[in-house]
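Participant: structure here, sequence nowhere to be found:
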C-alpha cells in the first residue's frame, strides 16, 4: 500500500476518535423534593422547577438530570439510596444542586424529620462531601417559599432551615442560591391574589395547594435559580439561552399610590376624541391619546382610527416615529414611494423623511403611533 492510501485510512479511522473528543456537556444533578420534581401531563397543572431548568440552559453545554422526588427530606433521600444513584453517575465538572427543607420539618415522621440546627446541616454535608469527592460542584439551594398569607403578610415557614443552610454554606464555603429569599420577594411583590395563579390552584377540582407550582410558577422559580446561579458563576452566562431578568427586590412596592409616578391601567373608551385628519388629511378620525398626562414619560403613544376616506396628510419629520397597523388597509407614502399596508405592518419614519397615509377599502384603518416626547 502506498503512503497516500495509508494516510487516508488513518484519517478515516481518526474521525470517530476526534468526534468523541468533543467536550461532553456538564451534567446538572438535582437532589430535591416535590417542589423541584418532574410531573407528567396526568398531574397537570402541577410542575416542579427542576423540569424547567433545562429550558434556560444550552443543551450542548449542560444536561439536567432531575432526581428530585416528592415527599423526601435530606435524610430520607439518602436513606432510600437516591443519593447513591447520583453517586454512580457523578463525575468531575458536574454540578449537584441540593434543595431540601419542606419535609425535613415534619416532626410527626421520624423517617423524614431532621432537627434544623444540627441534624439538617449534617445530612446536607453528605451531599456536599460526595460532590467534592467526585470533583463536582455542590450548590445548596434554600427551600422555596410556600404561598401562605396571614393578615396581608407572607409567612416564612422555612426560616429555621433556611438559616441553618445559610450558616452551613458560610462555614464550609459552599455556593448558595438563597431561593427562599428570592421566591419570597417574588411572591410578596405579586401579592396575595395575583400569586395564586403561580401555584397549584384548581377550584373546579377542589385543589388549593400553596406549596406546589403551576407551569408558570415552576418556570419562574427555575428562572430565579438560574439568575442567582449566574451570580455565583459568571461563566454560566454564555450558556444561558433565556432571559433571566425575573423576580423582584425586597423593596418592591405593592401600593400604586406609594409610587412617586404611579403606574396605570386605562381603557381607550374613556380617551376617544373625534378629530379631522392630522396634517391637513381628509376625512374624520378618532384619536386615543394613551397616557398623555403621565408625568415624566419620555415617549408618546397614541391609537388613531382613520375612518373611511380619511388620511394623515404629507409632512416632513423632525423626530423618529413608528406606525403599527392593527386593523384595516391603507396606502402609506414614504419619501415618495407608495406601500400598501395592513395588519402587522410597522413603519419607521426618521427625521428628514416625509410620509402620509390614507385609509383604503371599506374597513377603518387602525394604527398605533409611538414617538419620543419633544421638550423645549
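Facilitator: Right, received. Where do you want to start? Worth saying up front: this structure is predicted, and the values here are computed from it rather than measured.
Participant: pretty sure residue 309 contacts residue 282?
Facilitator: Yes - Residue 309 lies in contact with residue 282 (C-beta atoms under 8 Å); the separation is 6.1 Å. In this view, the C-beta of every residue, glycine as well, is placed from N, C-alpha and C.
Participant: tell me the buried residues in stretch 205-214?
Facilitator: Under the neighbour-count criterion of 16 or more other C-beta atoms under 10 Å, stretch 205-214 has 210-214 buried.
Participant: can you list the strands that the helix or strand hosting residue 370 pairs with?
Facilitator: Assigned by DSSP states H and E, residue 370 belongs to strand 365-372. In the sheet, strand 365-372 lines up against strand 299-306 (antiparallel), strand 321-327 (antiparallel) (DSSP bridges).
Participant: now this protein, which segments are flagged as low pLDDT?
Facilitator: Residue ranges of the chain with pLDDT under 70: 1-21, 253-257, 375-376.
Participant: and residue 70, backbone torsions?
Facilitator: Main-chain torsions, residue 70, degrees, to the nearest 10: phi -70, psi 150.
Participant: which residues are in contact with it?
Facilitator: By C-beta atoms under 8 Å, 6 or more residues apart in numbering, the contact list for residue 70 reads 33-34, 37.
Participant: now, among those, which is nearest to residue 96?
Facilitator: Set against residue 96, the nearest of the contacts of residue 70 by C-beta to C-beta is residue 33 (15.1 Å).
Participant: got a list of what that closest one touches?
Facilitator: Contacts for residue 33 (C-beta under 8 Å, 6+ apart) come out as 68-73, 99-103.
Participant: most neighbours out of these, which is it?
Facilitator: Within those, neighbour counts (other C-beta atoms under 10 Å) peak at residue 100, which reaches 31 neighbours.
Participant: how about that residue: what's its closest non-neighbour residue?
Facilitator: Among residues not flanking residue 100 along the chain, residue 74 sits closest, at 4.0 Å (C-beta to C-beta, 6 or more residues apart in numbering).
Participant: for residue 161, same thing?
Facilitator: residue 101 (3.9 Å).
Participant: I'd assumed residue 159 was in contact with that neighbour.
Facilitator: No - proximity of residue 101 to residue 159 does not meet the contact threshold set by C-beta under 8 Å, at 10.1 Å.
Participant: re earlier: among the contacts of residue 70, which one sits closest to residue 190?
Facilitator: residue 34 (21.4 Å).
Participant: show me what contacts the closest one?
Facilitator: 48, 68-71, 102, 211-212.
Participant: could you list the buried residues of stretch 236-244?
Facilitator: Applying 16+ other C-beta under 10 Å to stretch 236-244 flags 236, 239-240, 244 as buried.
Participant: mind listing the helices for this protein?
Facilitator: 3-20, 74-79, 82-87, 119-133, 159-172, 179-190, 215-232 (DSSP state H).
Participant: let me have the ones you listed in TSV, extended by distance to residue 324 and mean neighbour count.
Facilitator: Formatted as TSV, the helices of the chain follow (distance: least, C-beta to C-beta, whole Å; neighbours: other C-beta atoms under 10 Å):
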stretch	distance to residue 324	mean neighbour count
helix 3-20	48	9
helix 74-79	53	22
helix 82-87	51	16
helix 119-133	51	19
helix 159-172	47	17
helix 179-190	30	22
helix 215-232	28	21
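Participant: for those helices, give me a markdown table that also has distance to residue 62.
Facilitator: Compiled in a markdown table, these are given as follows (distance: least, C-beta to C-beta, whole Å):
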| stretch | distance to residue 62 |
| --- | --- |
| helix 3-20 | 19 |
| helix 74-79 | 22 |
| helix 82-87 | 16 |
| helix 119-133 | 16 |
| helix 159-172 | 22 |
| helix 179-190 | 19 |
| helix 215-232 | 10 |
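Participant: out of these, which is closest to residue 302?
Facilitator: helix 179-190 (30.6 Å).
Participant: by how many degrees do the closest one and helix 215-232 diverge?
Facilitator: 130 degrees (axes from the mean of the first three to the mean of the last three C-alpha atoms, to 10 degrees).
Participant: tell me the two of the contacts of residue 34 that are most distant?
Facilitator: 69 and 211 (14.8 Å).
Participant: before we move on, the earlier item: just the ones of the contacts of residue 34 in strands?
Facilitator: Under the assignment DSSP state E, the contacts of residue 34 contribute 211-212 to strands.
Participant: residue 139: which of the contacts of residue 34 is nearest?
Facilitator: residue 68 (13.9 Å).
Participant: hang on, that closest one packs against residue 47?
Facilitator: No - look at residue 68 against residue 47 with C-beta under 8 Å: they stay out of range, at 11.8 Å.
Participant: thinking again about what came up before, return the member of the contacts of residue 70 nearest to residue 166.
Facilitator: Residue 166 has its nearest neighbour among these in residue 33, at 18.5 Å by C-beta to C-beta.
Participant: determine which two of the contacts of residue 33 are furthest apart.
Facilitator: Going by C-beta to C-beta, the pair spanning those furthest: 69 and 101, at 14.8 Å.
Participant: just the terminal-to-terminal distance for stretch 135-143.
Facilitator: 25 Å (C-alpha to C-alpha, to the nearest Å).
Participant: ignore what I typed, I meant stretch 84-102.
Facilitator: Per C-alpha to C-alpha, stretch 84-102 runs 21 Å from first to last residue.
Participant: ditto for stretch 331-343
Facilitator: 12 Å.
Participant: list the buried residues in it.
Facilitator: Quick answer for stretch 331-343 (16+ other C-beta under 10 Å): 332-334, 341.
Participant: identify the residues contacting it?
Facilitator: 314, 323, 325-330, 345, 347, 349, 353-358, 360.
Participant: in PyMOL, select just the buried ones from the residues you listed.
Facilitator: Restricted to buried positions by 16+ other C-beta under 10 Å, the PyMOL selection for the contacts of stretch 331-343 reads:
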select buried, resi 323+325+328+329+330+347+349+355+356+357+358+360
